[in-house]
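Visitor: Predicted model, plus sequence, below.
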Amino acid sequence: MLFAPQSVPALVGSQMHIPDGFLSVLVSLVFWLLSVIGVGVALWRAGQELDERKVPLMGVLGATIFAGQMLNFAVAGGTSGHLMGAAIAAILLGPWPAVLVMTSVVSIQALLFQDGGLLVLGANIFNMAIVGPFVAYGVYHTVLKLAREKPWGTFLGGFVAAWTSIVVAALVVALQLAFSGTSPANVSIPAMGLIHMLIGLGEGLITVGALAFLSATRRDLLGLAPGRTSRRKDRFVWLGGLLIAIALAVLSPLASGHPDGLEWVAEEKGFLDAAQDAPYEIIPDYVFPGLSNVQFATIVAGIVGTLIVFGVALGVAYLRRQRRTSTAYEA
Amino acid sequence: MVETDAHEVLIENLTFRYPDGHVALQGVSLQVARGERIALVGPNGAGKSTLMLHLNGILHGDGKVCVAGLDVSGASDGVLRRVRAAVGLVFQNPDDQLFSPTVFDDVAFGPLYMELPPDEVHQRVARALAWVGMEAYARRVSHHLSTGEKKRIAIATVLSMDPRLLALDEPSAGLDPRARRSLIELLSTLPQTLIISTHDLRLVQELCPRTAILDTGRLVVDGSTEGILADEALLRAHGLERP
Amino acid sequence: MHFHFLDTYRPGESVLHALDSRVKFILTVAFILAVALTPTGAWPVYVLLLALVVAAVVAAELGVTYALKRALVALPFALAALPSLFTLPGTGLFSLPIGPWTLTATQPGLQRLLSVMLKSWISMQAAVLLTATTQFPDLLVAMRSIRVPRLLVAIFGLMWRYLFVLVDEAIRLMRARDARSGSPTGRGGRTAWWRARVTGGMAGNLFLRGYERGERIYAAMAARGYDGEVRTFPLPPLDTVQVLVLIGGLFSLGVLTLLGIWVW
């Protein structure tokens, strides 16, 4: 989204892809574990539900959602709204294929375009490719049930599902930031929550528009998602999605009210960071008068670093010359 | 399963209806001998592409379809695989056919799925690329290539399977004159039986001694190209123009 | 129409281009891990890590500032870390009165903020370097080598292959919309709600095109013998030089990380 020539995302646009450095190693690893499990289950389940068409279909739909995220519309002033796509994917394909599609979108965005970090990819996958589709699926089918099969149920369901998926995913991001000690919960949760409640409206509208288009052109595709028949297996996802949404809705205000609790966790688990103050007492504060140890070491590091870069540059220039002379021989 | 080597393709009374009810083929019968080159012409929507998709069992209609001596209708998985190794289908849009990350991967796909050993796969890829004159392109990424280059690679992707029959859907569509000329030259060198579905009647004149006209799902004429292309009234009746 | 702005690979003949993609991939992840494990405020180690990645960019013959610039793209996300500048307890540095509140920036807060931003910037440069020197099909090989399931790798491969095609279509849809968004009075556009729904229609259209293309691709795959199982070539073994580079790289990163942890 940041590289698309057409759209200039607003600073307050969707901040869902977490870059490296913002989550602690422990949080990153925990969410990697959760994502590996989630995607593993999705691979297995999608393997059961879909036939051999699954690889080409999910591959292309991944590309479609990626391209769809480039579709923008002017909101106000210079800002624009975008699509995340987890809801559409879950509604049209069912939760497990949607997990795979969104995983490929999020992974390729991180791998190729640095839209999201590599170490924190596990967390990003969890937020956008697992929580997103699950919550969307759960909410969508709840609304459908409540609407008792009326036609407007699809559209209202799509809107609410899309909105909820964005808000809940944002709340998870806020919690991850809080647990990592990057951002205090009492700020990140309300901030992410409120901003994405606004952004979610755009996602909801785009989702409704897409569903409207498809119900007019290819009704049969709307029946793609298993769940209308409420098979026992997919009830799990339905309930799971709803539970996640409710849990986060309840948990977040609690967490934001007790930031100390989360920071305590961050500091206990982030023992590497917490130990930082200790050595200063063991070693004298400075070797050179006027320069603290840290500053001195930083300068030395700077010099060593510059030497390394220069050394490599010289090496490269030398190799280049070698290459040129050897091709000159061949020429 | 009757092995009749006399006919490369034997279609009897083929009728096909799409799920939405549209009848795409009605009672089509066609026989193609080994080594023949036949053109399939007709207006858009006549059913040409649909007919081609029956040759390797992607679509199944009512009626008999025998290819390379194998009965395609109701065929088991094993027979279907043999059919698909014998029939090389080249689609209209090369972008749909070049689905692997690199050219090499795409040309190797067929042999790989035939479970040939890696060395043989490499050999076949090299041979197929050489045939279409694209040996230097093996490590390239398909989406960067021009339409003409993509069409040649698409042909290579089926050649690597050593098919007996090649079915091409609109091979010259979208090509500039130079690429088109080079494609026609390539097609003229191929030893396989050729079925070419096309609007390009000048290509038909050059390459195919025999022509069949398909219109609204029916095979209306099947005969010598020269005779058919000379008959202006016939051509116009089926949405075609004299080249 | 080809959208090469989506192409992150920069062809070249440097040492880094020649390195096996598996080695590069593992080293990149190890580097990012090393950066993540380096504690807040360990500035000398950050400097050395930065020097390492810049040296690697130079070795890749991309120019010193290539990755430096591209990695700045992440920085808007730093807004998320901004609050800790004011909320981490410690010696105050400066105060900002905003309405009825006074925000006091603290020294540990500043350290935390700067560390996060630095870590992010340095990590991203490694990722930029990886994609600039490695073609995507080779990255797929690297993924297979770390045991990513073949089904997932196949999906990635297909997605990447059709990325450009679908983005092409999306851009064409947007151009068509923009071309029809004129008005003789210079005003118009109705409401944001309406525009969002129009965009949704475009999204649905795009989805349909994608879906139908998926069906055609499946037909092409089936025509060449595809039966649902993902078949691939066996991975070639790593030669000694590559293994040595890998071990050397991991060792240096390990040393740097431990240095940071022990001293700080």
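Guide: Structure's in. What do you need? Everything numeric in this text was worked out from a predicted model, so none of it was measured.
Visitor: For A:V309, which non-adjacent residue is spatially closest?
Guide: Setting aside the residues directly before and after it, A:V309 is nearest to C:A55 in space (C-beta to C-beta, 6 or more residues apart in numbering or on different chains), at 4.8 Å. Every residue, glycine included, has its C-beta placed from N, CA and C.
Visitor: correction: C:H17
Guide: C:T133 (5.1 Å).
Visitor: Quick one: list the elements packing against the helix or strand containing the residue nearest to A:V309.
Guide: If you go by DSSP states H and E, C:A55 is part of helix C:43-59. For helix C:43-59, the elements it packs on are helix A:293-330, helix C:15-18, helix C:21-37, helix C:66-70, helix C:107-133, helix C:240-263, judged by 3 or more C-beta pairs under 8 Å, 6 or more residues apart in numbering or on different chains; DSSP states H and E.
Visitor: Now with 6 Å, please.
Guide: helix A:293-330, helix C:107-133 (3 or more C-beta pairs under 6 Å, 6 or more residues apart in numbering or on different chains; DSSP states H and E).
Visitor: Need the contact partners of that helix.
Guide: Residues outside helix C:43-59 that contact it (C-beta atoms under 6 Å, 6 or more residues apart in numbering or on different chains) are A:297-298, A:301-302, A:305, A:308-309, A:312-313, A:316, C:15-16, C:35, C:38, C:64, C:66-67, C:118, C:122, C:125-126, C:129, C:260.
Visitor: ok and that helix relative to helix A:293-330, angle-wise?
Guide: Relative orientation of helix C:43-59 and helix A:293-330, computed by axes from the mean of the first three to the mean of the last three C-alpha atoms, to 10 degrees: 10 degrees.
Visitor: got the CA coordinates for helix C:43-59 in PDB?
Guide: Written as PDB, here are the backbone C-alpha positions of helix C:43-59 (Å, rounded to 0.1, in the frame of the first residue of the first chain):
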ATOM      1  CA  TRP C  43      24.000   1.900  21.100                       C
ATOM      2  CA  PRO C  44      27.400   0.500  20.200                       C
ATOM      3  CA  VAL C  45      25.900  -2.800  19.200                       C
ATOM      4  CA  TYR C  46      23.300  -1.000  17.100                       C
ATOM      5  CA  VAL C  47      26.000   0.900  15.300                       C
ATOM      6  CA  LEU C  48      27.900  -2.300  14.600                       C
ATOM      7  CA  LEU C  49      24.800  -4.100  13.300                       C
ATOM      8  CA  LEU C  50      24.000  -1.100  11.100                       C
ATOM      9  CA  ALA C  51      27.500  -1.100   9.800                       C
ATOM     10  CA  LEU C  52      27.200  -4.800   9.000                       C
ATOM     11  CA  VAL C  53      24.000  -4.400   7.000                       C
ATOM     12  CA  VAL C  54      25.300  -1.300   5.200                       C
ATOM     13  CA  ALA C  55      28.500  -3.200   4.400                       C
ATOM     14  CA  ALA C  56      26.400  -6.100   3.000                       C
ATOM     15  CA  VAL C  57      24.400  -3.600   0.800                       C
ATOM     16  CA  VAL C  58      27.700  -2.200  -0.500                       C
ATOM     17  CA  ALA C  59      29.000  -5.700  -1.200                       C
END
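Visitor: Off-centre distance for that helix?
Guide: Taking C-alpha atoms, centre = their mean, to the nearest Å, one finds the center of helix C:43-59 at 19 Å from the center of the full chain.
Visitor: buried set for that helix?
Guide: Neighbour-count burial for helix C:43-59 flags C:43-59 (criterion: 16 or more other C-beta atoms under 10 Å in any protein chain shown).
Visitor: again, but for stretch C:212-231
Guide: Judged by neighbour count using 16+ other C-beta under 10 Å, the buried positions of stretch C:212-231 are C:213-214, C:216-226.
Visitor: Find the closest residue to chain A in chain B.
Guide: Proximity of chain B to chain A (C-beta to the nearest C-beta) peaks at B:F99, 6.9 Å away.
Visitor: List only those of the contacts of helix C:43-59 flagged as buried.
Guide: So, by 16+ other C-beta under 10 Å, the buried ones in the contacts of helix C:43-59 are A:297-298, A:301-302, A:305, A:308-309, A:312-313, A:316, C:15-16, C:35, C:38, C:66-67, C:118, C:122, C:125-126, C:129, C:260.
Visitor: That's all I had, so thanks and see you.
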